[in-house]
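Asks: with the sequence up front, the predicted model follows.
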Amino acid sequence: MPTLGAIADDFTGATDLATMLVARGHRTVVTVGPESLSEGPEGTAVRDADAVVVALKSRTAPVDEAVGTSLAALRALRRAGCERFYFKYCSTFDSTPAGNIGPVTDALLAELGERRTVVVPAFPATGRTVYKGRLFVHDELLDESPMRHHPLTPMRDSHLGRLLTPQTRHPVRLVGLDTVRQGGDTLRAALDAPELADSLVVVDAVTDEDLVTVCAATTHLALVTGAAGLALGLTGPHPDAARATPASRPGDPGVVLSGSASSATRAQVAHARARLPHRKLDIPALRADFTGEVARLVAYVRRSWEDEPGKPPLLHSVDDLGDVERTAPGGGPAASELVERALAACATALVAAGARRILVAGGETSGAVVTALGVRTLSIGAPIAPGVTWARAEGRAHGRDHTVDLALKSGNFGDTDIFTEAWSALA
Ligand SMILES: Nc1ncnc2c1ncn2[C@@H]1O[C@H](COP(=O)(O)OP(=O)(O)OP(=O)(O)O)[C@@H](O)[C@H]1O
Ligand SMILES: O=C(O)[C@@H](O)C(=O)CO
């Protein structure tokens, strides 16, 4: 029976955390939404797991909806036996002044009858560190990094206290690196101090060792919050936890679907364009004739499978930031919505046409694709890069069951050659 229950605010974040938990010895199941926790064969997989991660698409949802789905996930995890909880959000703290990190944290605390938790977005393996309460992305402050241009959650501050305060009913406090470096016992005493009893406590962490210390000092908290780095210190009972075997065989048709505008993805797209068949989504064409344009994209991929076997085609929506359309002309559907819907529609049509391995770039995009594919659970398979893994996805779309290998790549994760090299991990 699982004891650790996690709620991830997007799908790439869910597989990011699950990858870390598997590496730390937890048999881990990712369920898409809370419903799959109890139903049918997925219920059995959950009962055999040490940890369950519920993947939500709540990061940019309206606040009430994000709170509602997160609470439903918490209740389902409690029913499944979980006793400790982990709210996973982005290592770049993706949120707006309204939420959803603060409101969801407040609601989870209230439901658990708790008043205090930690806020730990650091993930040094991917360049995210927190010092003096400020979030860095590699050697830049968050608001000076490319995250300030994010299409949905532009991050215009790096001070976690200032970012979180408008989102929460709790005071936001800081425990600094000097305390963390004094070790787990000192840090726990600092966190348990009466003046922090009602607070969301941002904790500095710059290295993996800092995160192991933070983890050790917070095992008594019913709820922790952060990115996947905080799970580094969570050693589980099954160090040899098996990874899922691939659903596909080498040579099976594959495709890359990228709706991410992040700087790492843009470099990956540029690299792949020189090496893979590729087609860019035409937003005005999607707006004018959505069904026809999706059919043309699908036909292009199918033709590429025949003309250039072994080279998974790339469908992408952004080469450079000039491609990001922020306001829809004439009040039509937003470009972001069109891109998500188009890539999701391509995914279901391509799976029906024989695709067995799909690499998706972008958290929101991944949510759209995974939902359209009717995926209920993801079993973590071969790792690709820090925070990115292949996962075996069981789903149902167009009235047919299917099993495919899915990799959900967070916008800023992965090396430049990930779109051409990820496939070798499936061999
Ligand atoms: N040309 C475009 N114009 C406007 N919006 C776009 C365009 N291309 C993609 N988008 C939208 O931008 C958003 C990108 O978010 P997504 O979460 O998929 O990627 P990301 O932010 O890079 O990844 P992550 O959240 O994992 O860091 C999606 O909603 C996508 O539909
Ligand atoms: O923490 C991260 O950066 C990722 O898992 C993520 O949430 C991006 O969508």
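Replies: Received, thanks. Ligands and ions are numbered 1, 2, ... in the order given.

Asks: list the residues that contact residue 133.
Replies: Residues near residue 133 by CB atoms under 8 Å, 6 or more residues apart in numbering: 159, 160, 161, 174, 176, 202, 204. Just so you know, the C-beta spots here come from the backbone N, C-alpha and C atoms, and that holds for glycine as well.

Asks: distance of the residue nearest to the second one when sequence neighbours are not counted relative to residue 123?
Replies: Right, residue 160. Closest residue to residue 160 apart from its sequence neighbours, by CB to CB, 6 or more residues apart in numbering: residue 202 at 4.6 Å. Residue 202 is 15 Å from residue 123, where distance means CB to CB, to the nearest Å.

Asks: against which helices or strands is the host helix or strand of the residue nearest to residue 160 packed?
Replies: Element membership for residue 202 (DSSP states H and E) is strand 200-203. Helices and strands touching strand 200-203, by 3 or more CB pairs under 8 Å, 6 or more residues apart in numbering; DSSP states H and E, are strand 117-120, helix 160-164, strand 172-175, helix 184-191.

Asks: which among those is found nearest to residue 393?
Replies: Proximity to residue 393 (CB to CB) singles out strand 117-120 among these, at 28.7 Å.

Asks: can I get the closest one as CSV, trimmed to CA atoms?
Replies: Extracted C-alpha coordinates of strand 117-120, given in CSV (Å, rounded to 0.1, in the frame of the first residue of the first chain):
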residue,chain,number,x,y,z
THR,A,117,4.9,23.6,5.3
VAL,A,118,8.1,24.3,3.4
VAL,A,119,8.5,25.8,-0.1
VAL,A,120,11.5,24.1,-1.9
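
Asks: buried ones in whichever helix or strand comes after that strand, by neighbour count?
Replies: Counting by DSSP H and E, the element after strand 117-120 in chain order, helix or strand, is strand 128-131. Neighbour counts over strand 128-131 (16 or more other CB atoms under 10 Å) mark 128, 129, 130 as buried.

Asks: around ligand 2, pick out the residues from the protein.
Replies: 10, 12-13, 16, 90-92, 123, 227-228, 363, 387, 410 (CB under 6 Å from any ligand atom).

Asks: sorry, back to before: looking at it, the residue nearest to residue 160 is touching residue 174, isn't it?
Replies: Yes: with contact defined as CB atoms under 8 Å, residue 202 and residue 174 form a contacting pair (4.9 Å).

Asks: which residues touch the closest residue to ligand 1 within the stretch 251-400 of the chain?
Replies: Of all residues in the stretch 251-400 of the chain, residue 362 sits closest to ligand 1, at 2.3 Å by CB to the nearest ligand atom. By CB under 8 Å, 6+ apart, the contact set of residue 362 is 12, 258, 259, 260, 261, 262, 265, 409, 410, 411.

Asks: repeat that for residue 310.
Replies: With CB under 8 Å, 6+ apart, residue 310 has these contacts: residue 251.

Asks: how close does it sit to ligand 2?
Replies: Residue 310 sits 30 Å away from ligand 2, going by CB to the nearest ligand atom, to the nearest Å.

Asks: give me the three-state assignment for that residue.
Replies: coil (DSSP: H, G, I helix; E, B strand; the rest coil).

Asks: so what pLDDT did it get?
Replies: Residue 310 carries a pLDDT score of 92 in this model.

Asks: and residue 361, by the same measure?
Replies: 98.

Asks: quick one: secondary structure of whichever residue of the stretch 101-250 of the chain sits closest to ligand 1?
Replies: Relative to ligand 1, the nearest point of the stretch 101-250 of the chain is residue 151 (3.9 Å; CB to the nearest ligand atom). Using three-state DSSP, the structure places residue 151 in coil.

Asks: many thanks, we can stop here.
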